[in-house]
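[1] Sequence first, then the predicted structure, then my questions.
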Amino acid sequence: MSYPLPETPVPQDGAGVPDGFRRLWMPHRMAYIKGENRVSGPEPEGCPFCRAPRLSDAEGLIVARGALVYTVLNLYPYNAGHLMVCPYRHVADFTELDGPETTELAEHTKLAMAALRAASGAQGFNIGMNMGNVAGAGITAHLHQHVVPRWGGDTNFLPVVSATKVLPQLLGETREMIADAWPAGPGEPGLPARPEQP
């Protein structure tokens, strides 16, 4: 079954001739394309993953905080509910994490999966890290583990043909929904609300 699209003015090409295409405008993607918030050096200055924990949960889009890592919504999600698990420490490579950081990162990944299943009925996940520019990392200086929820039929022609995703919910609302569904992990009730940067 197909649904009629709302009538919109048909854009014209440079010669003033209608081109027949409908547009789904996503101006926030331009910030990502131009590299806004990207930092590649070893220093945390300007790093969005170092800045986010210093904000309130709502401002930083943080879903949950641990002692050594936190979980945050992706500003440029592949799917609604796309989360990232980040260490507080400004570290670029997975091999640079110490044992406790590695353990808590894995635990937060499991908790993120449970929260996404409870909040949105996620049927599957893409989970992983991109290490370095050549591997597709947008922010190479501060590692982050992606947790992308998936549902049957969530891929259509838009991402393939036009590199566009339609997201049905505002990021702030998505953050609240997932935070409310976040399960309590072992020992979590005693964690500080906003851990200090090491």
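    Everything's here; your move. Source: prediction; values computed, not measured.

[2] what's the burial count for Thr102?
    15 (other Cβ atoms under 10 Å). (Glycine included, C-beta is placed from N, CA and C.)

[3] for the one helix or strand it maps to, packing partners?
    Using DSSP states H and E, Thr102 sits within helix 99-120. For helix 99-120, the elements it packs on are strand 62-65, strand 69-73, strand 83-87, strand 124-128, strand 145-150, helix 171-181, judged by 3 or more Cβ pairs under 8 Å, 6 or more residues apart in numbering; DSSP states H and E.

[4] secondary structure class for Ala80?
    Three-state call for Ala80 (DSSP: H, G, I helix; E, B strand; the rest coil): coil.

[5] Can you list phi and psi of it for me?
    The phi/psi pair for Ala80 (degrees, to the nearest 10) reads phi -60, psi 130.

[6] neighbours around it, how many?
    24.

[7] any idea how far Pro149 is from it?
    Distance of Ala80 to Pro149, given as Cβ to Cβ, to the nearest Å: 7 Å.

[8] Give the residues shared as contacts by those two.
    Here Ala80 and Pro149 have Ser120 as joint contacts, going by Cβ atoms under 8 Å, 6 or more residues apart in numbering.

[9] what stretches of the protein score poorly on pLDDT?
    1-44, 156-169, 185-198 (pLDDT under 70).

[10] Assumed Gly152 was part of a strand.
    No - counting by three-state DSSP, Gly152 is not found in a strand; it is coil.

[11] Is Ala184 part of a helix or strand, or is it coil?
    coil.

[12] how close does it get to Ala64?
    Counting by Cβ to Cβ, the gap from Ala184 to Ala64 is 10 Å.

[13] Show me which of these two is the more surrounded one.
    Ala64 (23 against 9).

[14] who touches the more buried one in this structure?
    Ala64 neighbours (Cβ under 8 Å, 6+ apart): 70-71, 108, 111-112, 115, 179, 182.

[15] Try it again at 7 Å.
    By Cβ atoms under 7 Å, 6 or more residues apart in numbering, Ala64 lies in contact with 70-71, 108, 111, 179, 182.
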